[in-house]
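Undergrad: Model the following, please.
(2 chains)
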Number of protein chains: 2
Amino acid sequence: MASQEIEALSQALARLPGLGPRSARRAVLHLMKRRQAALEPLLSALQTVADKLSTCSTCGNVDTSDPCSICRDPRRDEKMLCVVEEVADLWALDRSRLFPGRYHVLGGRLSALEGVRPEDLTIDKLVRRVSAGGIDEVVLAMNATLEGQTTAHYLAERLEGFPVRLSQLAHGLPVGGELDYLDEGTLAQALRARRPVA
Amino acid sequence: MASQEIEALSQALARLPGLGPRSARRAVLHLMKRRQAALEPLLSALQTVADKLSTCSTCGNVDTSDPCSICRDPRRDEKMLCVVEEVADLWALDRSRLFPGRYHVLGGRLSALEGVRPEDLTIDKLVRRVSAGGIDEVVLAMNATLEGQTTAHYLAERLEGFPVRLSQLAHGLPVGGELDYLDEGTLAQALRARRPVA
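TA: Residues are numbered from 1 along each chain as shown, chains lettered A, B, ... in the order given. As a prediction, the model looks like this:
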């Protein structure tokens, strides 16, 4: 139907998460019909990011500068460090703007099944950051999965002995969650961690 | 959270149909983590299309060449012409690969409400194409909406007297349906059962 070039663009877009072949075609058409308003801004934004793309050598965040915009931000509390598995987790947490400190991206989680060992993650680097001092609290913000929790336990062991408070995200009911729809694991956690009513 | 440049890319992607702010952020992360496999192919495909983008001066299709790949294709039956409202409709119809002829894009539909008059569409150009001869059949493939059908009636009047068969898509289209949203099976049915205009 379309020329090879358009087909290539359509396929490149279809590989993005959230877009399939049909919506990619609609997106291509949208771009082609709005050259000034849509195609050119997207092209230049993409070009800029491609040119500047780098991984923060301090925290592992993906950004357009190194150190990343979070590590460079003087308003961030450098005494607090939040450890996450992936860059996506960092972004998800930071969107809520509730954590005032900095981050450390592990680059994955320990997994016997997938053969991911401690040396495959940035754990040594984390230990160096903590042992360099100046950090009061480390929040272990792993996913609430078996592998995430295993990783958190391992990190807790590795960080034992340093003068930092270790904490982890609370487990329990998600906001808006209805008991009837939640899995038993979540309910068990929520029950175990129940708090006195003020 | 992210740098300005990443935010700009995220916003440019979020304006694509089918992507919202959340999925755009996922897409950005996907691109940044897969520089070679995803970001660069998308960038170069977009650049190529931006460089070559043009509107076919014959049929009004949006393509990377003028005349477009359909108008240039010698295997296409030049005796058959399919008139559609929008480029999206052309693409939707041509995906089914059932129509062997060429197209004519009106650029919209007649609409009293939106003030779209015959001279706002490529109707004169269509009449010139037909009057130039060599065309046996004109398929009026308007949307099955009030405005689409009004446009079809108007075109039928304008093309009266020329030695061409006029036909329209069969009424197998759901009332209120728009070509771009229909499945190929329905489009195929409608095309196969097209009827001469009385």
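Undergrad: Tell me how chain A divides into domains.
TA: A:4-52, A:78-168 (automatic domain parsing).
Undergrad: can you put those domains in JSON lines and add mean neighbour count and distance to chain B?
TA: In this view, the C-beta of every residue, glycine as well, is placed from N, C-alpha and C. JSON lines is the format used below for the domains of chain A (neighbours: other CB atoms under 10 Å in any protein chain shown; distance: least, CB to the nearest CB, whole Å):
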{"stretch": "domain A:4-52", "mean neighbour count": "18", "distance to chain B": "4"}
{"stretch": "domain A:78-168", "mean neighbour count": "16", "distance to chain B": "4"}
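Undergrad: Format these as a markdown table; extra columns: mean pLDDT.
TA: Formatted as a markdown table, those follow (pLDDT from 0 to 100):
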| stretch | mean pLDDT |
| --- | --- |
| domain A:4-52 | 91 |
| domain A:78-168 | 91 |
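Undergrad: can you put the ones you listed in CSV and add distance to B:Thr48?
TA: Shown next, in CSV, are those (distance: least, CB to CB, whole Å):
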stretch, distance to B:Thr48
domain A:4-52, 5
domain A:78-168, 29
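Undergrad: Out of those domains, which is closest to A:Gln189?
TA: domain A:78-168 (8.0 Å; CB to CB).
Undergrad: From one end of that closest one to the other, what's the distance?
TA: End-to-end distance for domain A:78-168: 18 Å, by CA to CA, to the nearest Å.
Undergrad: Could you give the separation of that domain from the chain centroid?
TA: Distance of domain A:78-168 from the chain centroid (CA atoms, centre = their mean, to the nearest Å) equals 11 Å.
Undergrad: Grab the CA positions of stretch A:80-99 and hand them over as CSV.
TA: What follows is stretch A:80-99, C-alpha atoms only, in CSV (Å, rounded to 0.1, in the frame of the first residue of the first chain):
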residue,chain,number,x,y,z
MET,A,80,18.3,9.8,51.5
LEU,A,81,18.9,7.1,48.9
CYS,A,82,16.2,5.0,47.3
VAL,A,83,17.3,1.8,45.6
VAL,A,84,15.2,0.5,42.7
GLU,A,85,15.5,-2.4,40.3
GLU,A,86,15.0,-0.6,37.0
VAL,A,87,15.0,2.9,35.5
ALA,A,88,11.2,2.5,34.9
ASP,A,89,10.8,2.1,38.7
LEU,A,90,12.8,5.2,39.4
TRP,A,91,10.5,7.2,37.0
ALA,A,92,7.4,5.7,38.5
LEU,A,93,8.4,6.6,42.0
ASP,A,94,9.7,10.0,41.1
ARG,A,95,6.5,10.9,39.3
SER,A,96,4.7,10.9,42.7
ARG,A,97,7.3,13.6,43.8
LEU,A,98,7.0,12.1,47.3
PHE,A,99,10.6,11.0,47.7
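Undergrad: I'd like the secondary structure assignment at the spatially most central residue of chain A, please.
TA: Centrality entry for chain A: nearest residue to the mean C-alpha point is A:Asp89, 2.1 Å, by CA atoms, centre = their mean. Classification of A:Asp89 by DSSP: H, G, I helix; E, B strand; the rest coil places it in helix.
Undergrad: check contacts around it.
TA: Each residue near A:Asp89 by CB atoms under 8 Å, 6 or more residues apart in numbering or on different chains is listed here: A:105, A:141, A:143.
Undergrad: Show me those residues that map onto strands.
TA: A:Val105 (DSSP state E).
Undergrad: still on that earlier bit, quick one: the residue nearest to the centre of chain A and A:Ala141, what's the gap?
TA: 7 Å (CB to CB, to the nearest Å).
Undergrad: again, but for A:Ser131
TA: 20 Å.
Undergrad: again with A:Lys33
TA: 43 Å.
Undergrad: Pairing partners for the lengthiest strand in chain A, with directions?
TA: The longest strand of chain A (DSSP E) is strand A:77-84. The sheet places strand A:77-84 alongside strand A:101-105 (parallel), strand A:137-140 (parallel), with pairing taken from DSSP bridges.
Undergrad: What's the first helix or strand after the first one?
TA: From strand A:101-105 onward toward the C-terminus, using DSSP states H and E, the following helix or strand is helix A:123-131.
Undergrad: Same question for the shortest one.
TA: As assigned by DSSP H and E, the chain's next helix or strand after strand A:137-140 is helix A:146-158.
Undergrad: For that next one, name the packing helices and strands.
TA: helix A:123-131, strand A:137-140 (3 or more CB pairs under 8 Å, 6 or more residues apart in numbering or on different chains; DSSP states H and E).
Undergrad: For that helix, give me every contacting residue.
TA: A:83, A:85, A:106, A:109-111, A:118, A:121, A:123, A:126-127, A:140, A:142, A:166, A:168.
Undergrad: C-terminal to it, which secondary structure element comes first?
TA: Next in line after helix A:146-158, if elements are assigned by DSSP H and E, sits strand A:165-168.
Undergrad: Provide the strand pairings for that next one, with the direction of each partner.
TA: Going by DSSP bridges, the partners of strand A:165-168 are strand A:137-140 (parallel).
Undergrad: Now tell me what touches the strand it pairs with from outside.
TA: A:79-83, A:99, A:101, A:130, A:152, A:155-156, A:159, A:164-169.
Undergrad: same thing but at 7 Å, please
TA: A:79-83, A:130, A:152, A:155-156, A:159, A:164-168 (CB atoms under 7 Å, 6 or more residues apart in numbering or on different chains).
Undergrad: hmm, back to that, closest to B:Glu184 among the contacts of A:Asp89?
TA: A:Asn143 (40.5 Å).
Undergrad: Identify the residues contacting the closest residue to the closest one other than its chain neighbours.
TA: Closest residue in space to A:Asn143, ignoring its immediate chain neighbours: A:Glu85 at 6.1 Å, by CB to CB, 6 or more residues apart in numbering or on different chains. Going by CB under 7 Å, 6+ apart, A:Glu85 touches A:106, A:108-109, A:142-143, A:148.
Undergrad: Just send the residues you listed back as a markdown table, with distance to A:Glu7 too.
TA: A markdown table is the format used below for these (distance: CB to CB, whole Å):
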| residue | distance to A:Glu7 |
| --- | --- |
| A:Leu106 | 39 |
| A:Gly108 | 35 |
| A:Arg109 | 38 |
| A:Met142 | 42 |
| A:Asn143 | 38 |
| A:Gly148 | 40 |
